[in-house]
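Student: Pasted the sequence and its predicted model underneath.
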Amino acid sequence: MTTKYTPLKDHDTPIKVLFTGYLCTVGIGYLFALIQILFTHGMADGKFGLSVDDIVYSYYGNRSGTVLEQKLNGSMKDNAPEQERFKIMEWVRDGANSDDYKADGIDKIIESRCVMCHNKEASGIPDFTQFEALKALTTEDTGATFASLTRVSHVHMFGISFIFMFVGLIFSFAETTTTQYKCIAIGMPYAFLVADILSWWLTKIHPMFAWLVIFAGMGMGVSFMFMWVTSILEMWLFKPVFIDGLGSRYLQMRDSTDASFADRLWFYAKTLGKKIKPAAAFVTEQWLTRGWPVVKEWLKK
């Protein structure tokens with residue numbers, strides 16, 4: 001297979017070291033990002049490990065209680081003993097009165113357990129040295145605010161897209177992957193990144209979209225790992241893996257004249273699309289003639 005670029009295995013050693021250093025650094029960073037998710041979103045329901053409930057509580061909120069109560073029973077559970085947490089929650093349920101704040105000793109608990117992190121020097125989290133900031137958390141838990149989603153969304157869009165740009169650039173020099181699969185692997189993380197950010201906003205509106213958050217995150221992770229592993233193997237272990245090892249079977253399948261898996265998948269997708277099109281037209285017609293008039297009448301009432 002003739003190539004118009006220098007394959008990863010044929011790059012000079014300094015270039016390989018440069019590429020490997022970057023891939024290893026962002027790989028470790030990705031791992032720490034996953035760990036951070038486990039210790040933030042993963043504790044939203046009070047249990048370690050990421051679940052659909054964690055996603056719902058983080059973005060849509062737990063409408064059965066206040067923000068402060070949910071945090072004390074969730075991600076902040078280990079930061080204070082049960083007796084002190086119960087005392088704060090009792091104060092919240094009694095109306096979170098400013099006079100009772102000092103009379104009941106809540107200020108002492110907040111000062112000793114919370115202010116070490118929640119202070120004016122910390123960015124992105126409430127400043128508990130100000131009573132108003134604490135008071136704001138005694139309202140119904142509606143999850144992430146639109147302001148915080150806006151801030152986090154643009155940071156993730158800019159930062160993660162740059163990471164995948166360079167990972168994709170290095171992966172584009174791979175020779176064991178066909179151009180078709182390269183395009184899919186390089187484009188996937190951007191599609192899933194947009195879907196991931198969008199799913200936060202959709203989950204804020206309705207909790208059923210929490211599944212989309214998990215699906216989009218998994219899609220980004222799979223595409224990242226595929227490009228990362230392929231690039232590292234081609235740079236340093238090309239012969240033992242792709243010539244003498246299991247990778248040789250993949251190369252034989254790649255160079256086969258038979259239709260590839262992607263070709264077959266595309267064929268089935270087009271066939272399924274032809275079957276779905278009439279059904280979609282029928283459903284659309286029924287909605288416009290029967291469903292929408294009923295909803296419209298209901299909204300008027």
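Tutor: In hand now; what should we look at?
Student: Can you give the domain ranges for this protein?
Tutor: In the assignment given by automatic domain parsing, the structural domains of the chain cover 8-38+144-244, 62-138.
Student: need those domains in CSV with distance to V52, can you?
Tutor: (Each C-beta comes from the backbone N, C-alpha and C, glycine too.) Below are the domains of the chain laid out as CSV (distance: least, CB to CB, whole Å):
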stretch, distance to V52
domain 8-38+144-244, 5
domain 62-138, 13
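Student: Least reliable of those domains by average pLDDT, please.
Tutor: Averaged per stretch, pLDDT over these is lowest on domain 62-138, reaching a mean of 85.
Student: quick one: terminal-to-terminal distance for it?
Tutor: Criterion CA to CA, to the nearest Å; first-to-last residue distance in domain 62-138 is 13 Å.
Student: Which residue of this protein lies farthest from its centroid?
Tutor: Relative to the centre of the chain, and counting by CA atoms, centre = their mean, the farthest-placed residue is A103 at 42.7 Å.
Student: Between the domains of the chain, which one is closest to F282.
Tutor: Using CB to CB as the measure, domain 8-38+144-244 is the one of the domains of the chain that comes nearest F282, at 24.5 Å.
Student: to the chain's geometric centre, what's the distance from that closest one?
Tutor: When C-alpha coordinates are averaged (CA atoms, centre = their mean, to the nearest Å), domain 8-38+144-244 and its chain have centres 12 Å apart.
Student: Of all the domains of the chain, which one is nearest T289?
Tutor: domain 8-38+144-244 (26.0 Å).
Student: Identify each of the helices in the stretch 201-301 of the chain and give its residue range.
Tutor: For the stretch 201-301 of the chain, the helices defined by DSSP state H, counting those that start in this stretch cover 210-236, 238, 247-254, 261-286, 292-300.
Student: Keeping just the C-alphas, turn the third one into PDB.
Tutor: Taking Å, rounded to 0.1, in the frame of the first residue of the first chain, the C-alpha atoms of helix 247-254 are listed here in PDB:
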ATOM      1  CA  GLY A 247      -1.700  -7.500  14.200                       C
ATOM      2  CA  SER A 248      -0.600  -9.400  11.100                       C
ATOM      3  CA  ARG A 249      -4.100 -11.000  10.800                       C
ATOM      4  CA  TYR A 250      -5.600  -7.500  10.900                       C
ATOM      5  CA  LEU A 251      -3.400  -6.400   8.000                       C
ATOM      6  CA  GLN A 252      -4.400  -9.400   6.000                       C
ATOM      7  CA  MET A 253      -8.100  -8.600   6.500                       C
ATOM      8  CA  ARG A 254      -7.400  -4.900   5.600                       C
END
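Student: Ignoring the adjacent residues along the chain, who's closest to the residue sitting nearest the centre point of the chain?
Tutor: Most central in the chain under CA atoms, centre = their mean is G217, positioned 4.2 Å from the mean C-alpha point. Of all residues not flanking G217 in the chain, D196 sits nearest, at 5.9 Å (CB to CB, 6 or more residues apart in numbering).
Student: cool, and L34?
Tutor: With sequence-adjacent residues excluded and distances taken as CB to CB, 6+ apart, L34 is closest to G221, at 8.0 Å.
Student: And the one you found, how far from L68?
Tutor: 33 Å (CB to CB, to the nearest Å).
Student: More neighbours: which of those two?
Tutor: Here G221 and L68 are set side by side on neighbour count (other CB atoms under 10 Å), and the busier one is L68, at 23 against 14.
Student: Same question for that one, what's its three-state structure.
Tutor: Remark: L68 carries the secondary structure label helix [criterion: DSSP: H, G, I helix; E, B strand; the rest coil].
Student: what sits against it?
Tutor: Shown here is L68, whose contacts under the criterion CB atoms under 8 Å, 6 or more residues apart in numbering are I88, M89, V92, L134, L137, T138.
Student: ok, now with 6 Å
Tutor: V92, L137, T138 (CB atoms under 6 Å, 6 or more residues apart in numbering).
Student: Near the closest residue in space to it that isn't next to it in sequence, how many other residues are there?
Tutor: In space, not counting the residues next to it along the chain, L68 is nearest to L137; the distance is 4.3 Å by CB to CB, 6+ apart. Applying other CB under 10 Å, we find 17 other residues in the vicinity of L137.
Student: For the helix or strand containing Y22, name the packing helices and strands.
Tutor: With secondary structure defined by DSSP states H and E, Y22 is part of helix 13-39. Counting contacts by 3 or more CB pairs under 6 Å, 6 or more residues apart in numbering; DSSP states H and E, helix 13-39 is packed against helix 210-236.
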